[in-house]
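Colleague: give me a model of this one.
(2 chains)
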Amino acid sequence: MRQSKLLSKTRKEGPKDEVSKNANLLIRAGYLSKEMAGVYSYLPLGLRVMNNIESIIRDEMNKIGGTEMKTSIIQNKEVWEKSNRWDDSVVDNWFKTKLKNGGEVGLSFTNEEAYANILRQYISSYKDLPIYPYDFKSIFRNEARSKSGILRGREFYWKALYSFSKDENEHNEFYEKAKEAYKNVFQRAGIGDLTHLTFASGGSFSKFSHEFQAITDAGEDTIYIDEKSGIVVNKEVYTEEVLKGLGLKKEELVEKKAIEVGNIFSLGTRFSEPFDLKYKNEKGEEKLVIMGSYGIGLGRLMGTVVEILSDDKGIVWPVSIAPFKVHIVEITSSNTKVKETAEKLYDTLVKNGIEVLYDDREARAGEKFNDSDLIGIPMRIVVSDKGLEKGEFEVKLRKDGEIFSLKEENICDFINEYK
RNA sequence: CGGGGCGUGGUGUAACGGUAGCAUCCAUGCUUUGGGAGCAUGUAGUCCGAGUUCAAAUCUCGGCGCCCCGACCA
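Modeller: Next comes the predicted model:
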C-alpha cells in the first residue's frame, strides 16, 4: 500500500476530547475517526489491525471446533421476551427502534437469545450435539457513560461463541479447551504475558465465570494475583469465602488494575429452558441443552494492545496484528535513483507477499520518521542517498530501535524470519 | 443516572463586555532535504437558541455536545 493513497493522516497533537491513551494515539496516528462519544469509525489502518485480530481469533475458534456464522443485528422483541430480557427495567442499555408498521425491534447487545432461538430449529437429537457456532459482529450498548476511548464504546465489534452440549461433562471439557484457545489468542496478539485467567462472578448458574484480564493502569477492573499459584481473582468475588475456597491468603495477594479482554462463562440451562432447547438422547429421553458463552471484544483488545505496547513516540505493534509488517520510508531526494530504488524494493516485497506500507510522499525525513514511529509498523526500511552509497538498506526495528544493514538479496529472508 | 470540568478556523490554543490573535494544517512560489526546515502570499473560526447591553467569544437562562470521577457493565 502506498501511503499517499492510504486515506490517513497523522497529527502533531492529540485530539483534546480524548484523554485515554488508546484513543489519543489511534486517532493521532490515523487509525480511527471519532464519530461521537463511544462511537468510532475505523480508517484503513485501523481496519487492517482489526482484520488481523479477527483472523487470529477465527483460527483459534476453528481449532476447537467452532463454526462461523453471522447473526442479525436487528433483534425480534418476542424472542427476548422469552428470556425476560426485553424490558428496560431488566436491561437498561438497549438501543431500541420502531418498524414502519409499528413493531418494535432492538439492536443486539449480546447474542444468547439469537443463538438459542436459531439452534432450536437445528438441535433435536444427541447426534446434533455438541455444536459451537460463533460470529463476529457489531454490538450496541446504550451506555450511560462510555469511557476510556475504544475500551468501552456504545458500538463495538466482538466475537461471541456459544457452546451447546449434551451434559455438564461435555460442557466442562469444551470449557477447558476454550480457556486454552483464549490464552493462545492473547499470546498471539502480543499481550499474553500480562493477561491472566481470572475468577469472576458467575451469575446464577455457576459459581464463577472466567475473565482474561490484561494488566495495565489504564484498566477499569481491579484484580488480585497470587504469584505463587498463579491464581487470580476479580475484586467482584474478593471475599473471605472465595479466597478460602481457592486456598488463597489475603496477605499474599497483589492488587493490580487490569482490562477485561475476554470472558467465558457457563450458562447451564438459563437460555435452553425458556427457548425449550432440548434434544433426545440414545434412550429417547428429552434433555435440556447445556450452554456456555465465550466473548472477546476486538476493539477493546486493539485498544489494550495500544495501552500496553506503546511508547512515548507512538504505537509499537506486535508483528501478528500490525497493519503492515514493513514500512518503507523513502527519503525525498533530487537524486531520481532514490525513488527508483524505493519503488523497486516496494515491488519486490509485494511480490513476495510481504505486507508493506510505502511512504512515497514528498516530505522531509524528520516528518516521515516521526510518522513512522507514531504509526508503529514493526520494521522500517529507509531508502536514501546515504543508503545508496553503501549499496545496502537500513532496517530498523520499531520495538527496540535495533538497526541492521542488509543487501538487497537478503532482505526478504530477513523480513520473513522476523516474528 | 449523581458530581466536576469544558465547548473559538481542519487540528491545538489566546483574547478586561469594545478591531477575534497565534501556531499548525492546507494551497502557491522560491530555498531546503536523515528526526516534525526557512521566507513570502493566500484560504479557513466564536456549538445552537433566547435574553441583558450602545456593544457579547466574554454576562444570564435554556438546549445540544465533549472529557473526567462515581454508579452501572446481563
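
Colleague: packing partners of the worst-scoring helix or strand of chain A on mean pLDDT?
Modeller: Least confident helix or strand of chain A, by mean pLDDT, DSSP states H and E, is helix A:385-390 with a mean of 88. Here helix A:385-390 is seen to pack against helix A:336-351 when contacts are counted using 3 or more C-beta pairs under 8 Å, 6 or more residues apart in numbering; DSSP states H and E. (Glycine included, C-beta is placed from N, CA and C.)

Colleague: buried residues in the least confident helix or strand of chain A?
Modeller: A:387, A:388 (16 or more other C-beta atoms under 10 Å).

Colleague: that helix vs RNA strand B: in contact?
Modeller: Yes - looking at helix A:385-390 against RNA strand B by C-beta under 7 Å from any atom of the strand, the contacts come from A:385, A:386, A:387.

Colleague: now for the most centrally placed residue in chain A: which residues touch it?
Modeller: Per C-alpha atoms, centre = their mean, the C-alpha nearest to the average position across chain A is that of residue A:298, at 2.6 Å. Counting by C-beta atoms under 8 Å, 6 or more residues apart in numbering, residue A:298 touches A:50, A:53, A:54, A:57, A:136, A:156, A:157, A:158, A:159.

Colleague: residues in contact with the fourth one?
Modeller: The contact partners of residue A:57, taken as C-beta under 8 Å, 6+ apart, are A:136, A:159, A:185, A:296, A:298.

Colleague: among the residues you listed, which one has the most neighbours?
Modeller: residue A:296 (27 neighbours; other C-beta atoms under 10 Å).

Colleague: phi first, then psi, for that one.
Modeller: The phi/psi pair for residue A:296 (degrees, to the nearest 10) reads phi -140, psi 130.

Colleague: hmm, who's touching the least confident helix or strand of chain A?
Modeller: A:331, A:333, A:335, A:337, A:338, A:341, A:393, A:394, A:405.

Colleague: minimum distance to RNA strand B, which residue of chain A gives it?
Modeller: Closest residue of chain A to RNA strand B, C-beta to the nearest atom of the strand: residue A:366 (2.4 Å).

Colleague: spit out the contact partners of that residue.
Modeller: Residue A:366 neighbours (C-beta under 8 Å, 6+ apart): none.

Colleague: next one: the one 3 residues further on
Modeller: The neighbourhood of residue A:369, defined by C-beta under 8 Å, 6+ apart, consists of residue A:329.

Colleague: SS state for it?
Modeller: helix (DSSP: H, G, I helix; E, B strand; the rest coil).

Colleague: residue A:41 contacts residue A:32, doesn't it?
Modeller: Yes - the criterion here is C-beta atoms under 8 Å, and residue A:41 meets it with residue A:32 at 6.8 Å.

Colleague: and the contacts of helix A:385-390, which are buried?
Modeller: A:331, A:333, A:338, A:341, A:393, A:394.

Colleague: secondary structure element holding residue A:171?
Modeller: helix A:168-188 (DSSP states H and E).

Colleague: near RNA strand B, which residues of the stretch 301-419 of chain A are found?
Modeller: A:313, A:331-334, A:363-367, A:369-374, A:382, A:384-387, A:394, A:396.

Colleague: just the contacts of residue A:298: which are in strands?
Modeller: A:136, A:156, A:157, A:158, A:159 (DSSP state E).

Colleague: please tell me the pLDDT value assigned to the last one.
Modeller: Translated: residue A:159. Residue A:159 carries a pLDDT value of 98.

Colleague: circling back to that earlier point, hmm, which two among the contacts of residue A:298 are most spread apart?
Modeller: A:57 and A:156 (14.2 Å; C-beta to C-beta).

Colleague: OK, contacts around residue A:206?
Modeller: By C-beta under 8 Å, 6+ apart, the contact list for residue A:206 reads A:265, A:266, A:268.
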